[in-house]
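A.B. asks: Requesting a structural model of the entry that follows:
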Amino acid sequence: MQDTAHMARAIELAARGHGGTSPNPVVGCVLLDAGGEVVGEGFHAYAGGPHAEIVALREAGERARGGTAYVTLEPCDHTGRTGPCSRALLDAGVTRVVIAVPDPTPKAAGGAARLRAGGVTVTSGPLAEQAERVNAEWLTYARLGRPHVTWKLAATIDGRSAAADGTSRWITSAEARADVHRLRARCDAIVAGIGTVLADDPHLTARPAPADDPSLTAGPVPADDPRPTVRPARPLRVVVDTDARIPPYAKVLDGAAPTLVAIAEDATATGLDADHVRLPRHDGGGLDLHALLKELAAREVVSVFLEGGPTLAGAFVRDGLVDRVIAYVAPALLGAGPAALGEAGVRGIGQAHRLIFDEVSLIGPDVRLTARPVPPPHSREK
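C.D. replies: Numbers count the residues shown, from 1 in each chain. Next comes the predicted model:
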């Protein structure tokens, strides 16, 4: 029971790092002294900054000796922008470490083995599912070699994303739209299709941007290790534009945030004055989305916020590339108009893409539904 309670607190701390740690994981740590009293807490607040264990150890000081550390992710065992946390725990005299999730990366893994070799008792597993959920973006990136994809949609109760005449401004409330910008700001990239760009000419920015959003400041750090003066970059805007149709006056090319245009290898990109990447087509048609995500991963994009229309969303769902769905449902009925999701490879009810609800909440007058795909049998992902 005690292990569960302290790990739950560590998971709560880890969540505070969302929006600041990419391309690193979010991690939380709770440190107890030899008598079982909490003497230190920490979380990884920003990439390049002190890891959760280091923050907790600094707070605990000598009281860490003989104590227990609860960590949401296996302590790292390599030297990158910071030193190995496994050795820091050994040097501090911690005698027991409880880990929720093992580190899946060959470079950083091995912390548990080093701790055991140093005489530390290592326990694994408490609240593993919850710890995986809080770190879902990075774990997807580390395990699958691609970014974690969240598909956001806004629709009426009857599933329409726009009216019969094509108008869709605004289906959901100001509160829901503000919530979307908050979620955008926590992702590394916002992805939309050329159809959305041509129809709506969106900015695809996060307003307020991460640097201006007080909810994204992850809390205090030690006085001798201040936060960097360089704030997080605005999310990368990605336009899936297979045939290079984007007009030069599109708002996504306004320089307000970095933009990448993904076009087909055989597309004629006459006059395309923007950062772009050529990718193979999928079965001779639209872009190969697996190749797109691989390219984004190579650019250290850990999390993607998919904002495209029904066609692009359907392609992502069809290819099994949606890891989370966030649906804003407005209390309205249209009866006609485009559906929120296009062709997704479903021919019969048995092929339906089933989801698990994680959260249902009111956002102003709207309902926000958060769900994730039912994992396939024997999947390593929870």
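A.B. asks: Just the helices from the stretch 1-150 of the chain, written as ranges.
C.D. replies: Listed in chain order, the helices of the stretch 1-150 of the chain (DSSP state H, counting those that start in this stretch) span 2-15, 52-60, 85-91, 111-117, 128-134, 136-144.
A.B. asks: remind me which residues of the protein are low pLDDT?
C.D. replies: Counting by pLDDT under 70, the ranges of the chain that qualify are 1, 80-82, 108, 208-233, 284, 376-382.
A.B. asks: ok, which stretches of it are strands?
C.D. replies: Counting by DSSP state E, the chain has strands at residues 28-32, 38-43, 68-73, 96-101, 121-124, 148-156, 189-193, 236-240, 259-264, 276-279, 303-306, 324-330, 355-363, 366-373.
A.B. asks: returning to what we had before: most packed of the helices of the stretch 1-150 of the chain?
C.D. replies: helix 52-60 (a mean of 25; mean count of other CB atoms under 10 Å). Bear in mind the C-beta positions are built from the backbone N, C-alpha and C, glycine included.
A.B. asks: packing partners for that helix?
C.D. replies: Helix 52-60 sits against helix 2-15, strand 28-32, strand 38-43, strand 68-73, helix 85-91, with contacts defined as 3 or more CB pairs under 8 Å, 6 or more residues apart in numbering; DSSP states H and E.
A.B. asks: of all these, which lies closest to Gly195?
C.D. replies: Counting by CB to CB, Gly195 lies closest to helix 2-15 out of the helices and strands packed on helix 52-60; the figure is 34.5 Å.
A.B. asks: got the contact list for that closest one?
C.D. replies: Residues from elsewhere that reach helix 2-15 (CB atoms under 8 Å, 6 or more residues apart in numbering): 26-30, 32, 36, 38, 41-44, 52, 68, 70-73, 98, 100, 123, 126-127, 130-131, 134-135.
A.B. asks: The same query, at a cut-off of 7 Å, please.
C.D. replies: For helix 2-15, contacts defined as CB atoms under 7 Å, 6 or more residues apart in numbering pick out 26-30, 32, 41, 43, 70-72, 98, 100, 126-127, 130-131, 134-135.
A.B. asks: Just the CA trace of it, in CSV.
C.D. replies: C-alpha atoms of helix 2-15 as CSV (Å, rounded to 0.1, in the frame of the first residue of the first chain):
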residue,chain,number,x,y,z
GLN,A,2,2.8,2.4,0.9
ASP,A,3,4.6,1.6,-2.4
THR,A,4,1.4,2.4,-4.4
ALA,A,5,0.8,5.7,-2.6
HIS,A,6,4.3,7.0,-3.1
MET,A,7,4.4,5.8,-6.8
ALA,A,8,1.1,7.6,-7.4
ARG,A,9,2.7,10.8,-6.1
ALA,A,10,5.7,10.2,-8.4
ILE,A,11,3.4,9.8,-11.4
GLU,A,12,1.6,13.0,-10.4
LEU,A,13,4.9,14.8,-10.3
ALA,A,14,6.0,13.4,-13.7
ALA,A,15,2.9,14.9,-15.3
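A.B. asks: Kindly calculate the angle that that helix makes with strand 38-43.
C.D. replies: Put simply, helix 2-15 runs at 40 degrees to strand 38-43, going by axes from the mean of the first three to the mean of the last three CA atoms, to 10 degrees.
A.B. asks: Go ahead and measure how far helix 2-15 is from the middle of the chain.
C.D. replies: Relative to its chain's centre, helix 2-15 lies at 20 Å (CA atoms, centre = their mean, to the nearest Å).
A.B. asks: what's the answer for stretch 248-267, then?
C.D. replies: On CA atoms, centre = their mean, the centre of stretch 248-267 falls 23 Å from the chain's centre.
A.B. asks: what's the span of it from first residue to last?
C.D. replies: End-to-end span of stretch 248-267 (CA to CA, to the nearest Å): 16 Å.
A.B. asks: Same question for it: list its buried residues.
C.D. replies: Using 16 or more other CB atoms under 10 Å as the test for burial, stretch 248-267 gives Ala250, Val252, Leu253, Ala257, Thr259, Leu260, Val261, Ala262, Ile263, Ala264, Ala267.
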